[in-house]
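1. Show me the folded form of this:
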Amino acid sequence: MEQNQEKVCDVINSRIIGMITQGHGCWVSVAHKYKEKYVAKPINYATGYEYKGANKILLPAGFYLTYKQLTKLGGKLKQDKDGKYPQAYTIMETWVKTFVKYSYKDEKTGELKENVMPKWLFDKKQPEHEEILFTWNKTTYGFDRVYNIDDCEGYKEVNRDKQLQLTSNATTQPIKNRDKVCDFFIDHYLKKQGIKLFEGKSGSPNYYNPLTDTIHIANVESYENANDFYEKLFHECSHSTGAKDRLNRKGVVDIKEKTEDNYAQEEVIAELSAMYCLKRVGLLTNNQLEASSEYMISWLADEKLLEAMKDDKTILIKTFNNADKAQQLIFTE
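-> Okay, here's the model as predicted:
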């Protein structure tokens, strides 16, 4: 593991493990008010892109800018009465670089030799070669610092109406009837992926069976409100995204050799993904947020998982990234 990646993972791990040991977690941030409307996710103000993966955990909902982006918009950081500047938020940057290994003939000896080059450079220089042996991707991590837009001033405003909402999703009240928006996206996902859904009687167990690619859940009448029903349904749908021909997660695919740490990771992925899904359709309540935080903390505090994290410091980052990928797959058109 590269030194920079080691440093990034240490910071991310210590931040999240600190949440675990203190008995709380801020897994899905409460919507943030911005000019009489709300932004429900952490979003880069300059680009309009939503922060992904572990950054959803590290950043509260709101608009953010790097210092370079702020100065490009002609803005500056606010100072308090003592002349101090606001504290920056730390985010994780991920770069995926592709490398090419190829063989070429030595001009002097005529022997075949091998060389490695970044793919972008290989495509640009197009060196003479006998054969491309193979290509591979390498993921590297780094830090960046961002500032909340509320801590900035004098910047040129950018139209971000598409990212804003009239009300805060975090205070949406439960409803008794089925939700048409949820049903639409879930039905679309199940049909597109060829997954069968079985709604059982009240008290029936909820689970995803990877051997039959089926989701089983107690019917909506089993729940006090539709929010709880869809939270459980999104949870099981999130498990199904880990199937071999989808996102291929160990906690789902290796059902016969499921280890405790893999199982714990998979439960965190499914629950966090369900929270993202509910937030996306406007059905996330504060009570659910608290209950899910306790649920995920119980799994993240699993002894086997904590032990595995000592050997592989990328586990937490991968877990939160996988939760993000799961909810994205469910809402893919």
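2. So which residues of the stretch 101-250 of the chain form strands?
-> Shown for the stretch 101-250 of the chain, the strands assigned by DSSP state E, counting those that start in this stretch span residues 112-118, 131-148, 152-153, 164-165, 196-200, 207-209, 214-218.
3. Single out the most deeply packed of those strands.
-> strand 214-218 (a mean of 19; mean count of other Cβ atoms under 10 Å). (C-beta placed from N, C-alpha, C; glycine too.)
4. strand partners of it, parallel vs antiparallel please.
-> strand 196-200 (parallel), strand 207-209 (antiparallel) (DSSP bridges).
5. which one of the ones you listed lies closest to residue 88?
-> Of all those, strand 207-209 sits nearest to residue 88, with 40.4 Å by Cβ to Cβ.
6. Touching the closest one from outside, list them.
-> Contact with strand 207-209 is made by 214-216, 236-237, 239-240, 252, as judged by Cβ atoms under 8 Å, 6 or more residues apart in numbering.
7. what does stretch 68-76 give?
-> Applying Cβ under 8 Å, 6+ apart, the contact partners of stretch 68-76 are 44-46, 65, 77, 147, 152-156, 158.
8. Buried only: go through those residues for me.
-> Neighbour-count burial (16 or more other Cβ atoms under 10 Å) is assigned, among these, to 44-46, 65, 77, 147, 152, 155.
9. by contact count, what packs against the one helix or strand residue 92 maps to?
-> Per DSSP states H and E, residue 92 falls inside strand 89-105. The contact analysis (3 or more Cβ pairs under 8 Å, 6 or more residues apart in numbering; DSSP states H and E) places strand 89-105 against helix 3-21, helix 55-58, strand 112-118, helix 119-125, strand 131-148.
10. rerun that using 6 Å as the cut-off
-> strand 112-118, helix 119-125, strand 131-148 (3 or more Cβ pairs under 6 Å, 6 or more residues apart in numbering; DSSP states H and E).
11. what angle do that strand and strand 112-118 make?
-> 160 degrees (axes from the mean of the first three to the mean of the last three Cα atoms, to 10 degrees).
12. Strand 89-105 pairs with which strands, and in what direction?
-> Strand 89-105 is paired, per DSSP bridges, with strand 112-118 (antiparallel), strand 131-148 (antiparallel).
13. Alpha carbons of the lengthiest helix in the chain, as CSV, please.
-> In terms of residue count, the longest helix belonging to the chain (DSSP state H) is helix 260-281. C-alpha atoms of helix 260-281 as CSV (Å, rounded to 0.1, in the frame of the first residue of the first chain):
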residue,chain,number,x,y,z
GLU,A,260,-18.3,-12.9,10.3
ASP,A,261,-16.4,-9.8,9.0
ASN,A,262,-17.8,-10.1,5.5
TYR,A,263,-21.3,-10.6,6.9
ALA,A,264,-20.9,-7.5,9.1
GLN,A,265,-19.7,-5.4,6.1
GLU,A,266,-22.7,-6.6,4.0
GLU,A,267,-25.2,-5.6,6.6
VAL,A,268,-23.7,-2.1,6.9
ILE,A,269,-23.7,-1.8,3.1
ALA,A,270,-27.4,-2.8,2.8
GLU,A,271,-28.6,-0.6,5.7
LEU,A,272,-26.6,2.5,4.6
SER,A,273,-27.8,2.0,1.0
ALA,A,274,-31.4,1.8,2.3
MET,A,275,-31.0,5.1,4.0
TYR,A,276,-29.6,6.7,0.8
CYS,A,277,-32.6,5.3,-1.1
LEU,A,278,-35.1,6.6,1.4
LYS,A,279,-33.4,10.0,1.4
ARG,A,280,-33.6,10.0,-2.4
VAL,A,281,-37.3,9.5,-2.5
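14. hmm, who's touching it?
-> With Cβ atoms under 6 Å, 6 or more residues apart in numbering as the test, helix 260-281 has contacts from 27-28, 169, 181-182, 231, 234-235, 238-239, 250-251, 284, 292, 295-296, 299-300, 302, 304-305, 308, 319, 322-323, 326-327.
15. Now, of these, which are buried?
-> The buried subset of the contacts of helix 260-281 - by 16+ other Cβ under 10 Å - is 27-28, 169, 182, 231, 234-235, 238-239, 250-251, 284, 292, 295-296, 299-300, 302, 305, 308, 319, 322-323, 326-327.
16. burial count for the residue lying closest to residue 127 once chain neighbours are set aside?
-> Nearest residue to residue 127 in three dimensions, chain neighbours excluded: residue 104, at 6.6 Å (Cβ to Cβ, 6 or more residues apart in numbering). Neighbour count for residue 104, taken as other Cβ atoms under 10 Å: 15.
17. bridging residues for residue 104?
-> Beta-bridge partners for residue 104, by DSSP bridges, are residue 113.
18. quick one: contacts for residue 152?
-> For residue 152, the contact set (Cβ under 6 Å, 6+ apart) comprises 70, 75.
19. Go again with 10 Å.
-> 45, 63-65, 67, 69-70, 73, 75-78, 86 (Cβ atoms under 10 Å, 6 or more residues apart in numbering).
20. for these, which one is nearest residue 164?
-> Closest to residue 164, out of all of those and judged by Cβ to Cβ, is residue 63, at 9.6 Å.
21. Which neighbours in the sheet does the helix or strand hosting that closest one have, and how are they oriented?
-> Here residue 63 sits within strand 62-65, counting by DSSP H and E. Strand 62-65 has the following strand partners under DSSP bridges: strand 42-44 (parallel), strand 131-148 (antiparallel).
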